[in-house]
Every structure is written in C-alpha cells, then in structure tokens.
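Chemist: predicted model follows, preceded by the sequence.
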Amino acid sequence: MDPVTVSTTISKPREQVFDYLSDIANHAEFTDHYLVDWHLLRENTIGTGAGARFRVRAPLSRFAWADMTFAEIQPPFRIVEKGRGGKFNRIRMVGTYTLTPAPGDSTKVEYTIETETAMLSDRLLEALGSRAWNKRQAAKAMRRLRSILEEGRGRGSRASIASQ
C-alpha cells in the first residue's frame, strides 16, 4: 500500500511529546479505537526493541493480529516501528513518527504508515478500501494523542505484559 501520512500539532514541547511516544505502552491509549487487546512483548516498554502485539479491528479482516517493535529511535526527532500482520504475518508494516518544532513551543507530529503485501489476495483486500480506512483511523489517533497530551482527557487503557 502506498504510504498514508497524517499529522497534528500539539501544544507541548517536542521532548515531552517524544517521551510519551517512545513508550510503546502509551500507544494503546490513543489507538484503542481500532487497535485492541494490546500485549507488550517485554518488560521494558521504552526504546529500541520495545514492542507490542495487538488486534486490528478492521472490516473484512479475518486475520487481525499484528505486532510492532521500535526499530529505530532518534531522540527527539523520529521513531520508526516495524512489524507484521495479516495471515501468517506476511504483511510487513513500517510506521514512522516524525516530530518537528512548531511556532509557540508546539510540536508537529507526522505519522506515516506503509504496508508491503506478499500475496495477491492481500493486495485485493487493500484495494477494497483499506488505505482510506487506515488514514481515517490514524487521523483519529492523532486527534486523540493531541487531546491526551494537551488536556489529559480521552485516555484509554494502557497495554499490559502478555501472560506466560
């Protein structure tokens, strides 16, 4: 799928926004409208290697489980997460958060998600509207992120460590 990019401006310093985003356990709070049943993959939820497994509540999705792991962290500018989802985890995903200073001690947060399908059936499902759906969900997540950081409201539940 072609990359989908959404952005928002948050009235907080870039370092504070970065600190929040660099903890993968916080991602469940602002994405829980479409990414549910979060389970952390390790105890340390901050920094490179921190990851989570979750279920994507997408229409027509029979194989909803996916995982993401922080692959690259460049404080306080960028976070790159890589993962897989879909049937047999054959759909590769790359998400990138880019933080840039904005006027008035604000931060512009830009999120880009890109998927790479392996099979024709996966490409057909994406062609049936998954790009538009992903863009709507990511835009809502950015609005929720802004309200959580600026106003402290709209917080969902935090992710927990998967039981053994």
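Modeler: Sure thing, it's come through. Numbering: from 1, shown residues only.
Chemist: which helix in this structure has the most residues?
Modeler: Assignment by DSSP state H gives helix 131-151 as the longest helix of the chain.
Chemist: contact partners of it?
Modeler: With contact meaning C-beta atoms under 8 Å, 6 or more residues apart in numbering, helix 131-151 is reached by 1-2, 4, 6-12, 16-17, 20, 29-31, 33-34, 58-59, 109, 111, 113, 153-156. No exception for glycine: its C-beta is placed from N, CA and C like everyone else's.
Chemist: out of the residues you listed, which end up buried?
Modeler: 1, 4, 6, 8-10, 12, 17, 20, 29-31, 34, 58, 109, 111, 113, 156 (16 or more other C-beta atoms under 10 Å).
Chemist: pLDDT-wise, which helix or strand of the chain ranks last?
Modeler: The weakest-scoring helix or strand in the chain, judged by mean pLDDT, DSSP states H and E, is strand 160-161 (a mean of 68).
Chemist: let's see which of the buried ones among the contacts of helix 131-151 end up in strands.
Modeler: 4, 6, 8, 9, 10, 109, 111, 113 (DSSP state E).
Chemist: and those residues as JSON lines, adding pLDDT?
Modeler: Shown next, in JSON lines, are those (pLDDT from 0 to 100):
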{"residue": "4", "pLDDT": "93"}
{"residue": "6", "pLDDT": "97"}
{"residue": "8", "pLDDT": "97"}
{"residue": "9", "pLDDT": "97"}
{"residue": "10", "pLDDT": "97"}
{"residue": "109", "pLDDT": "98"}
{"residue": "111", "pLDDT": "98"}
{"residue": "113", "pLDDT": "94"}
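Chemist: mind putting those into CSV with distance to residue 123?
Modeler: As requested, these are exported to CSV (distance: C-beta to C-beta, whole Å):
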residue, distance to residue 123
4, 16
6, 22
8, 30
9, 34
10, 35
109, 29
111, 23
113, 16
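Chemist: out of these, which one sits closest to residue 66?
Modeler: Among these, residue 113 lies closest to residue 66 (C-beta to C-beta), at 11.3 Å.
Chemist: correct me, but the closest one touches residue 31?
Modeler: No. Applying C-beta atoms under 8 Å, one finds residue 113 not in contact with residue 31, separated by 11.1 Å.
Chemist: any idea which element the spatially closest residue to residue 117 that is not a sequence neighbour lies in?
Modeler: Computed as C-beta to C-beta, 6 or more residues apart in numbering, the closest residue to residue 117 that is not its neighbour in sequence is residue 123, at 4.9 Å. Taking DSSP states H and E as the definition, one finds residue 123 inside helix 120-125.
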